[in-house]
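S.K.: Pasting the sequence and the predicted model now:
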Amino acid sequence: MSVIRSDMGPWRDRRRYWDDLGLDSRAGREHIDPFNMPDDYGDKGFRAVPSTFDPVLAEASYRWYCPDEGAILDPFAGGSVRGLVAGSGGYAYTGVDLSSTQIAANRDQAAEWGTRDLLAVPPRWVEGDSAKTLSGLADASFDYVFTCPPYHNLERYSDHPDDLSAMTWARFERAYREVVAESARCLAPDRFSTWVVGDVRDSAGRIRGLVPLTIAAHRAAGMHLHNDAVLLNVIGTTAMRLPAQWRVSRKMGRIHQYVLTFVKGDGKRAARALPPFT
């Protein structure tokens, strides 16, 4: 398995480039409730904040796997990051999200970027349930799928009945498989799809298995795992939180995610559709 180092200097320098543009990755996400924090998390001076997506990972993935000016589908759009990075690179991005508040915040930020000529192609966000919305999209109408789905209930986004983060694990599995299948249908033949995922634990501390679920769901949809990589993130407060967690439960700290890239059709033909690698 390959390792992507987001904690290294060049990656962090590029992250500062995006931050300097005024990329507000938390806009519209103030209401999110980060779950699975220790009871004394706040007492120890830590502040639980919603997760944000790394713009450098989005930028690199688009260059690695999407044809020039290609159409990108994001079934779980969340914040503005993936859409703004895509639009600035000349890709036609369509993101789906259940939250009207999040969609409004994303559109506001895109409008502001547009006034500064930072977007070659304005990103498009659609409000709605992913499975239902994707079912209305045409077959084979996208060149790349790139998304970061809810890690079950690790963060609670809303109480909406179609919100995957509010579902039981059994219902989450069914809904998740449906979205994977619909995204595969929307993807053109000989094209790639990347899902950034991380495993979570149930109430008893057992690992759920979101990574194998993602692989199995794509296999059932006729897609095959093409690349798997571990994304190493900065340690942050994990080192301070880990000792107490380890003493009580022997649970390790998690400072990584999995970047899983699948192919629909033939991987070599998919690669030939991409710009030359430099």
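M.R.: Sure, I can see it.

S.K.: So residue 189 sits against residue 273, correct?
M.R.: No: counting by C-beta atoms under 8 Å, residue 273 is not a contact partner of residue 189; they are 10.1 Å apart. Every C-beta, even on glycine, is put in place using the N, C-alpha and C of the backbone.

S.K.: out of those two, which sits in the busier spot?
M.R.: The residue with more neighbours, out of residue 189 and residue 273, is residue 273; 16 against 12, by other C-beta atoms under 10 Å.

S.K.: Identify the residue spatially nearest to the more buried one, adjacent ones excluded.
M.R.: residue 67 (5.1 Å; C-beta to C-beta, 6 or more residues apart in numbering).

S.K.: longest strand in this structure, by residue count?
M.R.: Ordering each strand of the chain by length in residues (DSSP state E) puts strand 187-197 first.

S.K.: May I have that strand as CSV, with CA atoms only?
M.R.: Provided in CSV are the C-alpha atoms of strand 187-197 (Å, rounded to 0.1, in the frame of the first residue of the first chain):
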residue,chain,number,x,y,z
LEU,A,187,-19.4,7.2,-14.5
ALA,A,188,-18.3,6.8,-18.1
PRO,A,189,-16.6,3.6,-19.1
ASP,A,190,-12.8,3.4,-18.6
ARG,A,191,-12.8,6.1,-16.0
PHE,A,192,-11.6,6.3,-12.3
SER,A,193,-13.4,6.9,-9.0
THR,A,194,-11.7,7.9,-5.8
TRP,A,195,-13.2,7.5,-2.3
VAL,A,196,-11.5,8.9,0.8
VAL,A,197,-12.6,6.9,3.8
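
S.K.: on that earlier part again, the residue nearest to residue 273 is in what secondary structure piece?
M.R.: Residue 67 belongs to no helix or strand when elements are defined using DSSP states H and E.
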